[in-house]
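# Got a sequence here, can you model it:
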Amino acid sequence: MTQAPHLVVIGAGPAGLIAAEHLAQAGWRVTVHDRMPSVGRKLLMAGRGGLNLTHSEPAEPFLARYGAASPWLAPMLRAFSAADLTRWAEGLGQQTFTGPSGRVFPKAMKASPLLRAWLIRLSELGVEIRTRSEWRGWAPAGDLVFADVEGATETVQPDATLLALGGASWPRLGSDGGWTQVLTEAGVAVSPLKPANCGFEVDWSPIFRDRFAGQPLKAVALSHRGQAARGDAMVTAYGLEGGAVYALSGALRDAIAADGPQTLEIDLRPDLSRGGITDRLAQARPSLSTTELLRKALKLTPAAINLVREGHGPGLTPERLAAAVKAVPIRVTAARPLDRAISSAGGISRDAVDEGLMLKARPGVWAAGEMLDWEAPTGGYLLQACFATGLWAAKAMAASHL
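Residues are numbered from 1 along each chain as shown. Sure thing, here's the model as predicted:
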């Protein structure tokens, strides 16, 4: 009797666990190793904000969210689409709903029920999960080397290996990017890891920083070098963060790296034209101060009003004030550090893997998830690509062992 092939998954996040599930269902023996004391820690952290699983927008704009990586990710995202991910979650007993923005969430609005149900399924399929088991690379003979918390090592020679170790954001949750050196030494091309979906530093005046750090800027539009994003932003002591900022973070990060500090423009009333704002200001009582004028005529919050002052200074005419509201210039000086980012860019280069995501320099070893060189905004796109690449790699492994 031929023994079932053995898969070792390194990394117990969504990419690794979906691959484990698929191949266990196909009859493989599957062992998942993770250096943390428990699995899915970053998934659980994402669940604190509601666990945005995916997005319901049409395929073409959905795929465009992945930027330069869209052409090679597209087949994987079509093979395991947003609808597929939603059905998979509901198959675990986790009913979903689509919010007004098109984002898809489990009705429980957290990750723990889904993860519990998933781990039960994996256990029933015979998947073995070994926590506190840290991958140290390969032994000279090619075996995988693992170490426990006391430093004792063991070697394993599986039929296939999936690397799903994540990027380097939120390192305390397990993804610290330590694998980059191991893979580089093994001849795998790895692009430097960079912060993605991150905040940016701004040299606020002390008065503005002290008064308004922690205050939101609701329903604004941000623009930089022809790119724009609408949504919310948050004033912080160090600068700006929030969904609208994250949507521009990749291009803004790269522009700062190439050319130094950049000017980000904030439209505080994107629902009104410049002319419409001018008319509202002109209709207000002449005796109103600038603060009262912006509050009463445009319904701006104190943070938004003082942001106008921060960017333009006092003493503006109604016409210039309208222009200021539509384009507050903010000088951003740096992206926040990688360990403070929601996700990371960079990783294993596209040319370093074949069409099935197997490492060309290490036959029999596949990679998936955030280890690969792609990035996407928040909104469900991150989890979707992690699931899709994990399943794609699993199917390639299965095909290679037919």
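
# Got the domain ranges for this protein?
As assigned by automatic domain parsing, the chain contains the domains 6-195+338-400, 200-335.

# ranges for the helices of the stretch 301-402 of the chain?
302-312, 318-326, 381-400 (DSSP state H, counting those that start in this stretch).

# Name the stretch among the domains of the chain that sits most buried.
Per-stretch averages of neighbours, counted by mean count of other C-beta atoms under 10 Å, single out domain 6-195+338-400 among the domains of the chain, with a mean of 19. Just so you know, the C-beta spots here come from the backbone N, C-alpha and C atoms, and that holds for glycine as well.

# could you measure the residue nearest in space to the middle of the chain against Asp271, distance?
The residue lying closest to the centre of the chain (C-alpha atoms, centre = their mean) is Ser343, at 4.1 Å. From Ser343 across to Asp271, the span is 30 Å (C-beta to C-beta, to the nearest Å).

# average pLDDT for the helix or strand where Ser123 lies?
Using DSSP states H and E, Ser123 falls within helix 112-124. What helix 112-124 shows for mean pLDDT is 98.

# For the protein, which helix or strand comes out least confident on mean pLDDT?
Ranking every helix and strand in the chain by mean pLDDT, DSSP states H and E puts helix 302-312 at the bottom, with a mean of 88.

# which residues sit against it?
Contacts of helix 302-312 from elsewhere in the structure, counted by C-beta atoms under 8 Å, 6 or more residues apart in numbering, are 204-205, 208, 211-212, 215-217, 220, 235, 266, 268, 290-291, 294-295, 300, 320-321, 324-325, 328-330.

# Now do that helix: distance to the chain's middle.
Helix 302-312 has its C-alpha centroid displaced from the chain centroid by 30 Å (C-alpha atoms, centre = their mean, to the nearest Å).

# try stretch 369-379
For stretch 369-379, the distance to the chain centre is 6 Å (C-alpha atoms, centre = their mean).

# Distance across that stretch, terminal residue to terminal residue?
16 Å (C-alpha to C-alpha, to the nearest Å).

# again, but for stretch 62-73
11 Å.

# I'd like the numbering to begin with 221 instead of 1 from here.
With the count now opening at 221, the last piece we talked about shows up as stretch 282-293.

# Name the residues that touch that stretch?
Contacts for stretch 282-293 (C-beta under 8 Å, 6+ apart): 275, 294, 297, 302, 470, 570, 593-597, 599, 601, 605, 608-609.

# now stretch 470-479
287, 414-416, 418, 420, 444-445, 447, 482, 484, 552-555, 565, 595.

# can you redo the helices of the stretch 521-622 of the chain as JSON lines with distance to Leu339?
Output for the helices of the stretch 521-622 of the chain, formatted as JSON lines (distance: least, C-beta to C-beta, whole Å):
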{"stretch": "helix 522-532", "distance to Leu339": "43"}
{"stretch": "helix 538-546", "distance to Leu339": "51"}
{"stretch": "helix 601-620", "distance to Leu339": "16"}
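
# nearest to Gly589, of those?
Gly589 sits nearest to helix 601-620 of all these, at 4.4 Å, using C-beta to C-beta.

# what's the offset of the closest one from the middle of its chain?
With C-alpha atoms, centre = their mean, you get 17 Å for helix 601-620.

# same thing with stretch 319-328?
For stretch 319-328, the distance to the chain centre is 17 Å (C-alpha atoms, centre = their mean).

# how about that stretch as PDB, C-alpha atoms only?
This file holds the C-alpha atoms of stretch 319-328, laid out as PDB (Å, rounded to 0.1, in the frame of the first residue of the first chain):
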ATOM      1  CA  GLY A 319     -21.800  46.400   4.400                       C
ATOM      2  CA  PRO A 320     -22.700  49.600   2.600                       C
ATOM      3  CA  SER A 321     -19.100  50.000   1.400                       C
ATOM      4  CA  GLY A 322     -19.200  46.600  -0.300                       C
ATOM      5  CA  ARG A 323     -17.000  45.000   2.300                       C
ATOM      6  CA  VAL A 324     -17.900  41.400   3.400                       C
ATOM      7  CA  PHE A 325     -17.900  40.500   7.100                       C
ATOM      8  CA  PRO A 326     -18.900  37.500   9.200                       C
ATOM      9  CA  LYS A 327     -22.100  38.300  11.100                       C
ATOM     10  CA  ALA A 328     -20.200  37.600  14.300                       C
END
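
# could you give the mean pLDDT of that stretch?
The model assigns stretch 319-328 a mean pLDDT of 96.

# Go ahead and name everything in contact with it.
Residues outside stretch 319-328 that contact it (C-beta under 8 Å, 6+ apart) are 270-277, 302, 305-306, 309, 314-318, 333-334, 599-600.

# Out of these, which sit inside helices?
302, 305-306, 309, 333-334 (DSSP state H).

# May I see those residues organised as TSV, with distance to Gly407 added?
Output for these, formatted as TSV (distance: C-beta to C-beta, whole Å):
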residue	distance to Gly407
Ala302	36
Leu305	34
Thr306	39
Ala309	38
Pro333	42
Leu334	38
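
# And the furthest pair within these?
Ala302 and Pro333 (20.2 Å).

# separation between the residue of the chain positioned farthest from its centre and Lys516?
Ranked by distance from the centre of the chain (C-alpha atoms, centre = their mean), the top residue is Ser507, with 48.3 Å. Using C-beta to C-beta, one obtains 12 Å as the distance from Ser507 to Lys516.

# before we move on, what about Ala433?
From Ala433 to Lys516 the distance is 25 Å (C-beta to C-beta).

# picking that back up, which residues are contacting the helix holding Ser343?
Here helix 332-344 makes contact (C-beta under 8 Å, 6+ apart) with 237, 240-241, 244, 259-260, 263-264, 267, 271, 309, 312-314, 326, 328, 349.

# hmm, 7 Å instead?
Helix 332-344 has contacts (C-beta atoms under 7 Å, 6 or more residues apart in numbering) with 237, 240-241, 244, 260, 263-264, 267, 309, 312-314, 326.
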